[in-house]
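*Asks:* Build me a model:
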Amino acid sequence: MEAKIYNQKGAEAGTISLPEKVFGAKWRSDLVHQVVQSMRSNKRAGTADTKDRGEVRGGGRKPWKQKGTGQARHGSSRSPIWVGGGVTHGPLAEKNYKRKISKTMRAQALFSVLSKKLKDEEILFVDTLAPASIKTKDAVKVVQNLAKVSGWKTVDASKKPRVLTALFGRNEKTEKSFRNIPSLEIAFLKNLNPFDVLNYKYLLIENPVESVKFLESRG
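*Replies:* Next up, the predicted model:
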């Protein structure tokens, strides 16, 4: 299977042969769901903590005597049913939300997502995004050119990130020129994962020859 490569002006700059295992994988919703949910769990800080009735301050004495007051009997003002009392079955800081994800599962889930994105025409390959100088104005022009040729016409005018731009390596000019464009989110190909790819409508891959080689090596 082949895909077109475009340059910064939106013109075709060649084609690239895509490996079947990366961009022609079967859509596996169960695997993708498992990996994404595990990644979401791994992002949880697990710092939420509550105190039970034995940890809150006060409540050492009985509020009133057991009988003769006409009120319900109570042994402590720190009971969970009292304002300022302890919390029953609340979250505790020692809870561990971490889930193990094997490299194979993560790679196969990513391949499944990339294959679906390619099938839905939501992936664009660009030879390079590096500008001659650090200018956001020039970067905006590149986005407009690519939006026209790809059919992503709403991208250049979007005020929310809709495109995940995967750079093959660090480039100061590219990062500083494109980071101020609200419709784009800059990422690096080595960190590409199914969670991030699914969070954005489109995926822009720079330096596709090297990028595809790297993706293939992950599987």
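
*Asks:* for this structure, what helix or strand is lowest in average pLDDT?
*Replies:* Every helix and strand of the chain was ranked by mean pLDDT, DSSP states H and E. The lowest is helix 136-150, at a mean of 87.

*Asks:* Per-residue pLDDT of residue 54, please?
*Replies:* Residue 54 carries a pLDDT value of 89.

*Asks:* Give me the phi and psi for the residue of the chain most remote from its centre.
*Replies:* Ranked by distance from the centre of the chain (CA atoms, centre = their mean), the top residue is residue 68, with 61.9 Å. Residue 68 adopts backbone torsions of phi 90, psi -10, taken as degrees, to the nearest 10.

*Asks:* Could you do residue 13 as well?
*Replies:* Torsion angles, degrees, to the nearest 10, at residue 13: phi -120, psi 10.

*Asks:* Distance of residue 152 relative to residue 144?
*Replies:* As judged by CB to CB, to the nearest Å, residue 152 and residue 144 stand 10 Å apart. Glycine gets a C-beta too; all of them are placed from N, C-alpha and C.

*Asks:* no no, residue 109
*Replies:* Residue 109 is 33 Å from residue 144, by CB to CB.

*Asks:* and the two? which has more neighbours close in?
*Replies:* residue 109 (27 against 14; other CB atoms under 10 Å).

*Asks:* Check that one and give its pLDDT.
*Replies:* The model's pLDDT for residue 109 equals 96.

*Asks:* Let me know the helix or strand that it is in.
*Replies:* According to DSSP states H and E, residue 109 maps onto helix 103-119.

*Asks:* For the helix or strand just after that helix, give the mean pLDDT please.
*Replies:* Using DSSP H and E, the helix or strand that directly follows helix 103-119 along the chain is strand 123-126. For strand 123-126, the mean per-residue pLDDT is 94.

*Asks:* ok, strand 123-126: who's next to it in the sheet?
*Replies:* Using DSSP bridges, the strands paired with strand 123-126 are strand 2-6 (parallel), strand 202-206 (parallel).

*Asks:* which residues touch the first one?
*Replies:* Contacts made with strand 2-6 from outside it, assessed by CB atoms under 8 Å, 6 or more residues apart in numbering, are listed as 12-18, 23, 118, 123-127, 146, 149-150, 208.

*Asks:* Filter the residues you listed down to the buried ones.
*Replies:* 13, 16, 18, 23, 118, 123-127, 146, 150, 208 (16 or more other CB atoms under 10 Å).
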